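Novice: Have a look at this fold, sequence not included:
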């Protein structure tokens, strides 16, 4: 077992290193940061000097090596755009993304499970079929369009909810939260729906199909024959047994919520790491892009690693396969 | 639980009054350091916090600021500035000649992005506590015009906070903090999130505004910004998308402030012999002036302005617009639209049958992509085959620098608001050492223009200077060096009851803002 | 063919109205995309045929300057919205189909290989999948754009964009095919019939293609259908972020990006019709995929 874990961790580190290598080879193609950093009256001399200062005249392998060297010491460099340490910026922005992801995740899980159970129990009902079809509309339009339409309806036409940003935030230590003010909570609604809609649909469909399968099983039939009430059967027995695959999927989706946040944050001007990343691409802010990608990699690779190790504990046969 | 709640630090719990003014910008200023980045978002915002020796008024004319008066000295040896007395910085320290010397050294240092402003300067001399002489290497009639954005920093503050030189790539204290003499002082700065200003109580000038607190938020997506204005989340947005102007005018809650920006949008051409070797452009198709003229005549600029710009822009005839110093009234006629003539010229010049690689940014100027599409269609109607390639601006400049184009779109806003500026940057033959033609991507070259430029730069007599500017404008028109299209419009949106002044450099000057409580 | 009409699948299809309607909608949209040059009143991809003064004409109303009238109105360039949608649909469908095909072939190949061969091959492929999952597709698209820029001549850039989109979307999509195929291959590999095939000396390649592949096809088909809808939407999102189909040859996604700029200004038709078309297409394909998943899942029948 230990050797399996060591091997798997070793592979994960290799994956991280390769991800970084690919990332750095890409940066050359994203654009040239120099033009954004110098004004209209800059000369070629200025350009060359700054290029040298930033080490951009070096091949990407060298740039990557320097990044790694610094990163192991916890130093992710200084943002070209803001002239501040990247680590500081990321820490400042992380709460916004994490709170958004948490709220939209909870929204997706609660509503997804509730609607999934409902549509499974009332399999042939009109309402259930309507919900099933309507839920597909949510995944049949691009996220950015859903966001813009929500803003148009709820902020501009109805004036109920703010159109952008996080509202007022409260600082608790280094963490800025939008949970403690009314405007902060209001500001969370539209972006959370936009971001969570896709996952909600996914969870709802999964719960429904798992429920349908479980409800067909013999033990449920026995329970019915024993005269247990529908409620007890549906929630105590059926739902409980659908939870294992659902939880697995939710775990895997956690990463993609944060990755998907890029689009939602752009539309709602949500000051999280996704917006930071999009800004970094536009500005060719290489230190920020690199740090963000490494962070996301660590997250994805970490989740994968965890899942694999957990499975290996649960099902020893897989240890041999891997 | 009790301990936790005492640990909470409430921020922004101020009551929202009418004078609590919020505005949205598309680009967050990169820095609060007035000498680190020479870009419009930075200089425009910092004009509210820092001040220069001179400043621009509501009509863009140069007026006294930290200098009360100035005059040329010697025989074109330089300029003498008499400084305002009794001015204090926001931290309370006094402003004097030493701060000017310090700001000169700082702004002209190698680490500064503003050093090119001081290329003509040989020395800055302190005459007494409130007088400085700025000596130039050659007579320089427009020098005061070129330093309106050169902002004064307190030498003591910079030294105490270790910010004696700007630091673009690592940042320093002045990146996030500011201490100017201007009407507003920086209260908090959260890059990309919000920047808060409050009035500077000790400001020397007469207060016209009634703001008590100003908050700036960057919103990149213009649709989101407009939604924020319409829903009352912000009081001011810039720019309003051109297409939404009509709709906003019908809305009683908001009003639109329109004008023209000091920026001419034009087409440039690859006129470098053998450019095909360095870049990937087709061989020398625009070396023939008839080919350039064919493009100029094929484009129906008024039609573009009427539809895509919705009647909100004016046709341009030269590299500067009529509001700028040195505009050539003798050359005010734009190229006339004539599709048949264009077709004939294109055939004569051998342009027909070749594919023109046309580069265009899609996030730099108002409706840039739509304008380029319309130009593509118009050239096609005159028998020219165009391959349009649009891209974000961060990819655009490197692409132009690598000569990967036959034709490109460019907007030019002269920092000095003078006709000499575009000649120096766009029309002079590129020359690294002399710092000439650094934005002349197509390598247009005309010996007479190169000869006239230094004479224009040092001519003190206004009419002699204008005669030379007229000659250059005529040459550029005859050569079809560039095809000027239109002057970029300015469209600001504000909540009703807000009064402000729009300046053609697109700077939002807060000391001219008043909010009427309704 | 008769075998198909007598099959369970066809029976299930015939008895599901949702499946029939979505199949008809999908077929209609695909057909009108294929036949766009015949159906569309104008060719919006031919810049010489456009008249800028026709811009912003509302649906079914004559233009104030030219007097021309258009079924669904015109956009900012004076392009007929109806024709542009038909041509845009063509591009979106082409990008979608090609990207999914690319992802499917790549995914199946790598999945079979890693499942059947195992060992280091498997490790490398599955870890490559991890790397792939890390990169947002926008960055993959930008990378491919960048590389393609370096190798295509400057006059052909506008035609290159579509292939870049296919590659970018396809590349970010292969992982799920590979994972499913690998999983199914692992299961099938241990079954007796594969052991039997191996015993009688069949080559691994034959076993993979002739025996294992047919057994993993139904989950692949389901994923492919749902991926098609996702790919079409991904293309739209990439367009929104500025790396989509060129504005002179717009896809549905590019049309929506352009149209959303006119949401507040009252020219609703520039956004509304392309968005409805995209919704109809994605919805129909999604419903079809949904039905297919249920129909192919023997446990649910």
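Specialist: Everything's here; your move. Note that this is a predicted model, so its numbers are computed, not measured. Residues are numbered from 1 along each chain as shown, chains lettered A, B, ... in the order given.

Novice: quick one: pLDDT of whichever residue of the stretch 201-301 of chain C sits closest to chain A?
Specialist: Residue of the stretch 201-301 of chain C nearest chain A, by Cβ to the nearest Cβ: residue C:282 (3.5 Å). Quick note: C-beta positions are derived from backbone N, CA and C, even for glycine. At residue C:282, the model reports a pLDDT of 90.

Novice: do the one 10 residues further on as well
Specialist: What the model reports for residue C:292 is a pLDDT of 83.

Novice: show me what contacts it?
Specialist: C:221, C:222, C:225 (Cβ atoms under 8 Å, 6 or more residues apart in numbering or on different chains).

Novice: Kindly provide the distance from the second one to residue B:437.
Specialist: Read it as residue C:222. Distance of residue C:222 to residue B:437, computed by Cβ to Cβ, to the nearest Å: 61 Å.

Novice: Same question for residue C:251.
Specialist: In terms of Cβ to Cβ, residue C:251 sits 40 Å off from residue B:437.

Novice: Likewise for residue A:199?
Specialist: Taken as Cβ to Cβ, the span from residue A:199 to residue B:437 is 55 Å.

Novice: now swap in residue A:204 and tell me
Specialist: Relative to residue B:437, residue A:204 is positioned 63 Å away (Cβ to Cβ).

Novice: do residue C:279 as well
Specialist: Relative to residue B:437, residue C:279 is positioned 52 Å away (Cβ to Cβ).

Novice: And residue B:461, by the same measure?
Specialist: Look at residue B:461 and residue B:437: by Cβ to Cβ, they are 26 Å apart.

Novice: now residue C:89
Specialist: Distance, residue C:89 to residue B:437, by Cβ to Cβ: 47 Å.

Novice: Over to residue A:16?
Specialist: Distance from residue A:16 to residue B:437, counting by Cβ to Cβ: 47 Å.

Novice: Which one of these two is surrounded by more residues?
Specialist: More crowded of residue A:16 and residue B:437, by other Cβ atoms under 10 Å in any protein chain shown: residue B:437, with 23 against 19.

Novice: Once you drop chain neighbours, what's closest to the more buried one?
Specialist: In this structure, residue B:437 finds its nearest non-sequential neighbour in residue B:430, 3.7 Å apart by Cβ to Cβ, 6 or more residues apart in numbering or on different chains.

Novice: Settle this for me: the one you found is touching residue B:438, isn't it.
Specialist: Yes: assessed by Cβ atoms under 8 Å, residue B:430 is found in contact with residue B:438 at 6.9 Å.

Novice: Nearest to chain C within chain A, name that residue for me.
Specialist: Closest point on chain A to chain C, by Cβ to the nearest Cβ, is residue A:29, at 2.3 Å.

Novice: Quick check: closest non-adjacent residue to that residue.
Specialist: Leaving aside its chain neighbours, residue A:29 sits nearest to residue C:146 (2.3 Å; criterion: Cβ to Cβ, 6+ apart).

Novice: give the contact list for that neighbour.
Specialist: A:26, A:28, A:29, A:30.

Novice: now do residue C:237
Specialist: Counting by Cβ under 8 Å, 6+ apart, residue C:237 touches A:142, A:143, A:144, A:263, C:138, C:253.

Novice: What is the neighbour count of residue 52?
Specialist: Reading this off chain A. 11.

Novice: ah, I was thinking of chain C
Specialist: That count, for residue C:52 with other Cβ under 10 Å as the rule, works out to 23.

Novice: Quick check, it in contact with residue C:77.
Specialist: Yes: here residue C:52 reaches residue C:77: they are 6.6 Å apart, a contact under Cβ under 8 Å.

Novice: Quickly list what's touching both of the two.
Specialist: B:374, B:377.

Novice: C-terminal to the helix or strand hosting residue A:147, what's the next element?
Specialist: Per DSSP states H and E, residue A:147 falls inside helix A:143-150. As assigned by DSSP H and E, the chain's next helix or strand after helix A:143-150 is strand A:170-172.

Novice: pull the longest helix from the chain.
Specialist: Just so you know, I chose chain A. helix A:86-121 (DSSP state H).

Novice: sorry, should have said chain C
Specialist: Per DSSP H, chain C has its longest helix at helix C:81-117.

Novice: Just the local confidence number for residue B:427, please.
Specialist: For residue B:427, the pLDDT comes out at 94.

Novice: residues in contact with it?
Specialist: Taking Cβ under 8 Å, 6+ apart as the test, what residue B:427 contacts is B:319, B:437, B:440, B:444, B:446, B:449, B:472, B:476, B:481.

Novice: Recalculate using a threshold of 7 Å.
Specialist: B:440, B:444, B:449, B:476, B:481 (Cβ atoms under 7 Å, 6 or more residues apart in numbering or on different chains).

Novice: and these, which two are the farthest apart?
Specialist: B:440 and B:476 (11.6 Å; Cβ to Cβ).

Novice: pretty sure residue B:232 is in a helix, no?
Specialist: No: looking at residue B:232 with DSSP: H, G, I helix; E, B strand; the rest coil, it is coil, so not inside a helix.

Novice: Which residue is the nearest non-sequential neighbour of it?
Specialist: Closest to residue B:232 by Cβ to Cβ, 6+ apart is residue B:495, at 7.0 Å.

Novice: Count the neighbours of that neighbour for me.
Specialist: Per other Cβ under 10 Å, the neighbour tally for residue B:495 reads 21.

Novice: That one and residue B:106: what is the separation?
Specialist: With the distance defined as Cβ to Cβ, residue B:495 ends up 38 Å from residue B:106.

Novice: for the record, mean pLDDT for the longest helix of chain A?
Specialist: Taken as a whole, helix A:86-121 has a mean pLDDT of 90.

Novice: List the buried residues for the helix or strand following it?
Specialist: Using DSSP H and E, the next helix or strand after helix A:86-121 towards the C-terminus is helix A:126-140. Residues A:128, A:131, A:132, A:135, A:136, A:138, A:139, A:140 are the ones in helix A:126-140 that count as buried (16 or more other Cβ atoms under 10 Å in any protein chain shown).

Novice: and if you look at stretch C:58-67?
Specialist: Buried, per 16+ other Cβ under 10 Å, within stretch C:58-67: C:58, C:59, C:63.

Novice: what does stretch C:283-300 give?
Specialist: Buried positions in stretch C:283-300, judged by neighbour count with 16+ other Cβ under 10 Å: C:283-296.

Novice: Taking helix A:143-150 as reference, get the angle to the helix or strand containing residue A:263.
Specialist: According to DSSP H and E, residue A:263 maps onto helix A:240-268. For helix A:240-268 against helix A:143-150, the angle by axes from the mean of the first three to the mean of the last three Cα atoms, to 10 degrees is 70 degrees.

Novice: Give the rounded mean pLDDT of helix A:240-268.
Specialist: 77.

Novice: now it, how far from the centre of its chain.
Specialist: The chain centroid and the centroid of helix A:240-268 are separated by 7 Å, computed with Cα atoms, centre = their mean, to the nearest Å.

Novice: now stretch A:27-34
Specialist: Averaging C-alpha positions (Cα atoms, centre = their mean) puts stretch A:27-34 26 Å from its chain's average.

Novice: Endpoints of that stretch, how far apart?
Specialist: This stretch, stretch A:27-34, spans 13 Å end to end (Cα to Cα, to the nearest Å).
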